[in-house]
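Undergrad: Okay, structure incoming, though there's no sequence with it:
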């Protein structure tokens with residue numbers, strides 16, 4: 001009987017997430033190492049699935065992380081480096097380049113973290129993107145503001161989601177923000193603000209092809225929820241609908257142009273209210289946040305973190321990746337910041353409730369059913385009830401908590 005080759009996976013986690021990846025990697029027979037921040041020692045990591053854990057004060061200090069991981073490799077034959085958080089994607093690529101490990105390199109990882117790089121690559125591949133300009137040359141910036149009517153979005157190139165985005169309405173406002181940014185200006189871009197519906201596609205890529213993908217629609221654009229408050233809602237769209245088909249096609253085109261050969265991706269598109277066209281917004285080589293992991297699993301039976309772990313192990317062993325089957329149900333998630341420290345969700349007892357968010361100062365549910373209309377009705381009803389029962393509003397963060 002042929003012995004299964006040993007696999008050692010080192011996971012980087014600047015924040016507490018990706019626990020399903022850790023348990024699935026261990027279940028796939030891997031030796032699982034975790035490098036995280038000292039601040040996260042007390043989080044409920046799945047300790048039974050972690051062979052060894054290492055702590056550092058800050059994973060953003062790349063030279064320090066490089067020295068630490070290089071030292072670790074004197075005694076550990078690490079096969080794969082996996083970032084569990086968006087902020088670890090580029091650090092993992094930096095380490096892979098130095099240690100010559102498989103996975104996204106530094107240039108390709110930029111397409112999944114740097115909002116300027118991803119827009120330029122999407123545009124070069126023939127996709128529509130909102131009009132944008134780097135914040136490098138002031139003459140070109142003035143020209144952009146003269147040609148493209150406001151409002152605009154001043155976006156940090158490497159923050160996650162809607163964090164740090166400023167909506168600006170005239171050129172003087174732009175110049176004031178740039179004065180405040182000082183030497184940090186080049187880490188931003190200025191983009192046309194387009195109103196419309198926002199969608200996301202959550203996918204698995206193997207051998208350069210999208211082998212599993214699910215289209216979803218947000219209730220309100222995530223930036224609106226982040227900046228104005230409200231209940232975050234998203235749900236699965238029928239893949240056979242015209243919108244679903246368009247999103248799946250665009251997602252395939254984008255991920256191939258961006259050079260993702262294997263792994264998972266969370267990609268957002270916007271359909272302009274004025275012209276009905278689909279625009280690329282952003283993508284990430286990771287599982288989507290805000291309980292999208294549970295949303296996808298409730299609808300399809302597929303856990304994206306677990307599939308990613310299986311794929312990493314199969315890559316090292318030279319084994320084919322077994323593509324999962326979508327069970328074809330519908331699901332939706334709703335979540336909001338709550339007034340209560342631990343919100344009481346006991347009043348939400350419909351049989352379609354399949355997951356309850358357990359997080360301080362947050363209320364959230366995932367609902368699933370075979371009928372898409374039933375999911376729509378529940379999300380509409382629950383969304384209104386959440387506003388009354390739980391909703392709190394806090395100022396948006398410019399940067400993640402340290």
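TA: It's in. This structure is a prediction, so every number in the text was calculated from the model and none was measured.

Undergrad: ok, residue 154 - how many residues close by?
TA: By other C-beta atoms under 10 Å, 20 other residues sit near residue 154. (Glycine included, C-beta is placed from N, CA and C.)

Undergrad: So it lies in a strand, does it not?
TA: Yes - following the definition DSSP: H, G, I helix; E, B strand; the rest coil, residue 154 is counted among the residues of a strand.

Undergrad: can you give me phi and psi for the nearest residue to it once chain neighbours are set aside?
TA: Take residue 154 and drop its neighbours on the chain: the residue closest to it by C-beta to C-beta, 6 or more residues apart in numbering is residue 166, 4.4 Å away. Main-chain dihedrals, residue 166, degrees, to the nearest 10: phi -120, psi 130.

Undergrad: Same question for residue 140.
TA: Listed backbone geometry of residue 140 is phi -70, psi -30, with angles given as degrees, to the nearest 10.

Undergrad: what does residue 16 give?
TA: Taking degrees, to the nearest 10 as the convention, residue 16 sits at phi -80, psi 100.

Undergrad: is it true that it touches residue 42?
TA: No - look at residue 16 against residue 42 with C-beta atoms under 8 Å: they stay out of range, at 9.7 Å.

Undergrad: Can you name the next helix or strand after the helix or strand harbouring residue 199?
TA: Using DSSP states H and E, residue 199 sits in strand 196-206. On the C-terminal side of strand 196-206, the nearest following helix or strand under DSSP H and E is strand 209-218.

Undergrad: If I take that following strand and strand 196-206, what angle do their directions form?
TA: Counting by axes from the mean of the first three to the mean of the last three C-alpha atoms, to 10 degrees, strand 209-218 points 150 degrees away from the direction of strand 196-206.

Undergrad: which residues are in contact with strand 209-218?
TA: Contacts of strand 209-218 with the rest of the structure, by C-beta atoms under 8 Å, 6 or more residues apart in numbering, involve 197-205, 232-237, 239, 243-244, 247-248, 251-252, 255-256, 292, 295-296, 299-300, 302, 307, 321, 323-324, 326.

Undergrad: Okay, now the sheet partners of it, with direction.
TA: Its sheet considered, strand 209-218 pairs with strand 196-206 (antiparallel), strand 232-236 (antiparallel) by DSSP bridges.

Undergrad: if you count what's nearby, which of residue 16 and residue 42 comes out ahead?
TA: Here residue 16 and residue 42 are compared on neighbour count by other C-beta under 10 Å; more neighbours surround residue 16, at 16 against 7.
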